[in-house]
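*Asks:* Just need the structure, nothing else, for what follows:
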Amino acid sequence: MVRRLEGIGAAVESERVGEAFFAVDGLRGIYGGDSAGVTAAARKAVGGRARIGLGATRLAAYLDARELRPPVPVAILRGRLEGGAGAASARTSPGDLIVALERLGVKTLDTLAGISTDQMADRFGPLGLRALRLARGEEEPLRPRQPHEDLVEQIALPEGTAGRQLDRAVELLVDRLLAAPQRKGRTLLGLRLGALLAAGGSWSVEQGLGRPSASPRVLRLVLAPRLATLPGPATALRLRALGLGPPAADQLELAVGGEEPRRRRLGEAVREVRSTQGAEALLKVLPVDPASRVPERWAALTPFPEL
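*Replies:* Predicted structure coming up:
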């Protein structure tokens, strides 16, 4: 389910079995402009096997997913405190903390939130302070996991490569990255263009896309100006995807004169051939350096674009 959520573009934190959290802010623009669109996309991605809740914090989203409304019993914190920061060195266990609070008459989260910080620190130490912060809605930022898919392509460059040849090299990298099987038809959220410098060392720059895209033309356009900041001759170029978004088929585009449906059908045909015959099944000739004295530099084979 975590992978399915990442498939819609979510950066997912999952530190407990059976739970996953992600921020909706960066996804609203993709799914209708509001949180309801994001939760609908998440529900569609995971099917009916999960409860989905929305809240300003992890605890608030957890309570919403379980349809718990105020007054919420303080016992709900037992599971939220186990294994968290401060639990190992705490003076008492989460279970003992809950029992002690209930004996003191602190039976709801609202009551707990009204206790002073000094009182909790003196009586229950770090674990009590963490419980107090949860009750007050004070939580640390999400820590999304790094997806296992590593989309990266690299090519070696002939000595003295510059100008138009670098543009062709980037075009080749973009085509290869989009043709990678592990992309599974999804869009890209960002790119990192890097180079190994002939004089030693390396160089890299990150490029956001504004909105998810799998268009070769769009990716080339945003990367081309970055080549101007390359500090010197390079021996290799590398292009890495910084995140995967929703499938390219979910992205809406304007079409003129009926050209877009034809392109979509062509893209579907390319993906179908690649799925059965492999990533190198369909290639095109990319002119690289027609004026070179070395025939091998005249052109290169690059994956045929899907769109």
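*Asks:* Now for this structure: which strand has the highest residue count?
*Replies:* Secondary structure of the chain read by DSSP state E shows that its longest strand is strand 234-247.
*Asks:* Let's see that one as CSV, backbone CA atoms only.
*Replies:* Output of strand 234-247 as CSV, limited to C-alpha atoms (Å, rounded to 0.1, in the frame of the first residue of the first chain):
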residue,chain,number,x,y,z
ALA,A,234,32.7,17.0,-18.5
THR,A,235,33.5,13.3,-19.1
ALA,A,236,30.0,12.0,-18.3
LEU,A,237,26.5,13.3,-17.7
ARG,A,238,24.0,11.7,-15.3
LEU,A,239,20.2,12.3,-15.0
ARG,A,240,18.3,11.1,-11.9
ALA,A,241,14.6,11.2,-11.1
LEU,A,242,13.9,12.8,-7.7
GLY,A,243,10.4,11.4,-7.3
LEU,A,244,7.6,9.6,-9.2
GLY,A,245,4.2,11.0,-9.6
PRO,A,246,0.8,9.7,-10.8
PRO,A,247,0.6,7.8,-14.2
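*Asks:* mean confidence for stretch 164-178?
*Replies:* In this model, stretch 164-178 carries a mean pLDDT of 87.
*Asks:* Offset the numbering so it begins at 5, please.
*Replies:* That works, and once the first residue is 5, the last one we named lands at stretch 168-182.
*Asks:* Outside of that stretch itself, list whatever touches it.
*Replies:* 155-159, 161-162, 165, 187, 192, 197, 218, 220, 223-224, 227-228, 231, 234, 238, 241-243, 245, 290-293, 304, 306-310 (C-beta atoms under 8 Å, 6 or more residues apart in numbering). Any C-beta I mention is one placed from the backbone N, CA and C, and that applies to glycine too.
*Asks:* Distance from the chain centre to it, please.
*Replies:* 23 Å (C-alpha atoms, centre = their mean, to the nearest Å).
*Asks:* what does stretch 138-158 give?
*Replies:* Worked out by C-alpha atoms, centre = their mean, stretch 138-158 lies 8 Å from the chain centre.
*Asks:* What of stretch 243-253?
*Replies:* That offset, for stretch 243-253, works out to 8 Å (C-alpha atoms, centre = their mean).
*Asks:* residues of that stretch that come out buried?
*Replies:* 243, 244, 245, 247, 248, 249, 250, 251, 252 (16 or more other C-beta atoms under 10 Å).
*Asks:* Mind checking the pLDDT average for that stretch?
*Replies:* 81.
*Asks:* Check stretch 63-78 too.
*Replies:* According to the model, stretch 63-78 has a mean pLDDT of 95.
*Asks:* Give me the residues contacting it.
*Replies:* So stretch 63-78 is contacted by 23, 25, 55-59, 80, 84, 102, 105-106, 110-116, 138-139, 141, 143 (C-beta under 8 Å, 6+ apart).
*Asks:* now swap in stretch 188-199 and tell me
*Replies:* So stretch 188-199 is contacted by 11, 13, 155, 174, 181, 206-213, 216-218, 223, 226-227, 230-231, 234, 238, 240-253, 255, 275 (C-beta under 8 Å, 6+ apart).
*Asks:* Recalculate using a threshold of 6 Å.
*Replies:* 207-213, 216-218, 227, 230, 238, 241-249, 251-252 (C-beta atoms under 6 Å, 6 or more residues apart in numbering).
*Asks:* Now do residue 176: how many residues are near it, please.
*Replies:* Using other C-beta atoms under 10 Å, residue 176 has 20 other residues around it.
*Asks:* did I read that right, it in a strand?
*Replies:* No: membership of residue 176 in a strand is not supported by DSSP: H, G, I helix; E, B strand; the rest coil, which gives helix.
*Asks:* mind listing the helices for the stretch 5-154 of the chain?
*Replies:* In the stretch 5-154 of the chain, the helices defined using DSSP state H, counting those that start in this stretch lie at 6-11, 39-50, 62-69, 81-85, 98-107, 113-117, 121-139.
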